[in-house]
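Enquirer: Here is a sequence with its predicted model. Questions after.
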Amino acid sequence: MAYLGIDIGSISTKGVIIDDSANIIAHSYLWTEGNPINAVKNVLGDLRGQTDVSVTAVGTTGSARKLIGVVLGAQVVKNEITAHAVGTMTRVPDVRTILEIGGQDSKIILLNNGIVTDYAMNTICAAGTGSFLMSQAKRLGLEINELGELAMKSKNPTRIAARCTVFAESDLVHKAQIGHKKEDIVAGICNAVVNNYLNNVGKGKRIAAPAVFQGGVSKNVGVVRAFEEVLGHEVYVDEFGHLMGCLGVAVLAMRANAANASGEAGASSKPKFDFNVKDVTFVTKGKECDKCPNNCEIISIYREDELLDAWGNRCERGVAAGA
């Protein structure tokens, strides 16, 4: 049997197919580009090109998890904290701290004996996220994947004020204009991302080893080095660290399928996931309900002309408005 996990973020959309031992047999990482449904279709096409296994159950996570869960008919729809914790423990069973930095948000998850005991996420500022690194790379005339190796060449990292994106960009321009080397500025940016993360997301948290760093930013070796220097111990980066969310929700889909199979006669005969869903037209429509003073904004999702689901209503009158 095989299971599909999809993680739909604001910047990137990730997908994995795992076997019944939670081994990854296909994986994909593509840009969301403001269109989660289209991004998922592209991920499905990429995954299908890598393997022809039959998928038994599907799970979704990420900021668009509910929308894509409806589109794919997912058996499991879970928040990022749960998905990342399960995915990471699948790869590193004794993990105590998960450091995660994505495109628009970041989070920290603390675990003890396989149980999540605490977590925190960034709120408003994106200064410690992947989008900040991307904008600074563009400002310096670099590709995002060049930042890490360039930072490793630095012997004297520049101090960059990164408590705020606007201030950081201003400080970066100033440091470049007064003659700081590009590699020192890039190393300073990596250090600033880590300091911002620890001062905001990780504030007051005890970061115990083993610590696992994941999310797209974990591919930046400059940020990895900065974390290790500040924390004083090794930070583990898994080769699939950018896929932990979708791995976790695929594992949860596998567990849900096993639970259903043990409790329902004939559960194993349920129809398999149809990859041809990538060729189906899905449309979302937003409408403000005026049935009561709540003025709920209701989102409806259609497959062709068929209403699949609607949400956003806070009273029963809104259901009709969504349809």
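Expert: Cool, got the structure. Numbers count the residues shown, from 1 in each chain.

Enquirer: where along the protein do the strands fall?
Expert: Using DSSP state E, the strands of the chain run over 2-8, 12-19, 24-31, 55-62, 76-77, 97-101, 106-112, 115-121, 211-214, 235-236, 282-288, 297-303, 306-311.

Enquirer: Would you format those strands as a markdown table with mean pLDDT and distance to residue 85 included?
Expert: Just so you know, the C-beta spots here come from the backbone N, C-alpha and C atoms, and that holds for glycine as well. Conversion of the strands of the chain to a markdown table gives the following (pLDDT from 0 to 100; distance: least, Cβ to Cβ, whole Å):
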| stretch | mean pLDDT | distance to residue 85 |
| --- | --- | --- |
| strand 2-8 | 97 | 13 |
| strand 12-19 | 96 | 16 |
| strand 24-31 | 95 | 17 |
| strand 55-62 | 96 | 11 |
| strand 76-77 | 96 | 14 |
| strand 97-101 | 94 | 7 |
| strand 106-112 | 94 | 6 |
| strand 115-121 | 93 | 5 |
| strand 211-214 | 95 | 10 |
| strand 235-236 | 96 | 15 |
| strand 282-288 | 89 | 30 |
| strand 297-303 | 89 | 28 |
| strand 306-311 | 88 | 25 |
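
Enquirer: Tell me which of those strands sits most buried.
Expert: Ranked by mean neighbour count, the strands of the chain are led by strand 2-8 with a mean of 29 (mean count of other Cβ atoms under 10 Å).

Enquirer: Quick one: work out the angle between it and strand 24-31.
Expert: Using axes from the mean of the first three to the mean of the last three Cα atoms, to 10 degrees, the inter-axis angle of strand 2-8 relative to strand 24-31 is 20 degrees.

Enquirer: Could you export strand 2-8 as PDB, CA atoms only?
Expert: Extracted in PDB, the C-alpha atoms of strand 2-8 (Å, rounded to 0.1, in the frame of the first residue of the first chain):
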ATOM      1  CA  ALA A   2       1.000   3.600  -0.500                       C
ATOM      2  CA  TYR A   3      -0.100   6.900   1.000                       C
ATOM      3  CA  LEU A   4       0.000  10.500  -0.200                       C
ATOM      4  CA  GLY A   5       0.800  13.500   1.900                       C
ATOM      5  CA  ILE A   6       0.500  17.100   0.700                       C
ATOM      6  CA  ASP A   7       1.800  20.200   2.500                       C
ATOM      7  CA  ILE A   8       0.400  23.400   0.900                       C
END
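
Enquirer: just checking, what packs against it?
Expert: In terms of contacts (3 or more Cβ pairs under 8 Å, 6 or more residues apart in numbering; DSSP states H and E), strand 2-8 is packed against strand 12-19, helix 36-50, strand 55-62, helix 65-72, helix 80-91, helix 244-263.

Enquirer: Can you say which of those is packed in most?
Expert: Highest mean neighbour count of the helices and strands packed on strand 2-8: strand 55-62, a mean of 27 (counted as mean count of other Cβ under 10 Å).

Enquirer: That one: partners in the sheet, and parallel or antiparallel?
Expert: Using DSSP bridges, the strands paired with strand 55-62 in its sheet are strand 2-8 (parallel), strand 76-77 (parallel).

Enquirer: Save those strands as CSV, and put in distance to residue 229 too.
Expert: Formatted as CSV, these follow (distance: least, Cβ to Cβ, whole Å):
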stretch, distance to residue 229
strand 2-8, 29
strand 76-77, 38
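
Enquirer: Could you say which one of those strands comes nearest to residue 96?
Expert: Residue 96 lies closest, by Cβ to Cβ, to one member of the strands paired with strand 55-62: strand 2-8, at 22.7 Å.

Enquirer: so the closest one versus helix 36-50, what angle?
Expert: Going by the same axes, to 10 degrees, strand 2-8 is angled at 150 degrees with respect to helix 36-50.

Enquirer: Next, the angle helix 80-91 makes with strand 2-8.
Expert: Counting by the same axes, to 10 degrees, strand 2-8 lies at 140 degrees to helix 80-91.

Enquirer: in the sheet, who's paired with the closest residue to residue 92 other than its chain neighbours?
Expert: Nearest non-adjacent residue to residue 92, counting by Cβ to Cβ, 6 or more residues apart in numbering: residue 212, 5.4 Å away. In this entry, residue 212 is beta-bridged to residue 98, residue 236, by DSSP bridges.

Enquirer: what's near enough to touch residue 212?
Expert: The contact partners of residue 212, by Cβ atoms under 8 Å, 6 or more residues apart in numbering, come to 88, 91-92, 95, 97-99, 235-238, 241.

Enquirer: related to what we said a few turns ago, out of the strands paired with strand 55-62, nearest to residue 43?
Expert: strand 2-8 (6.7 Å).
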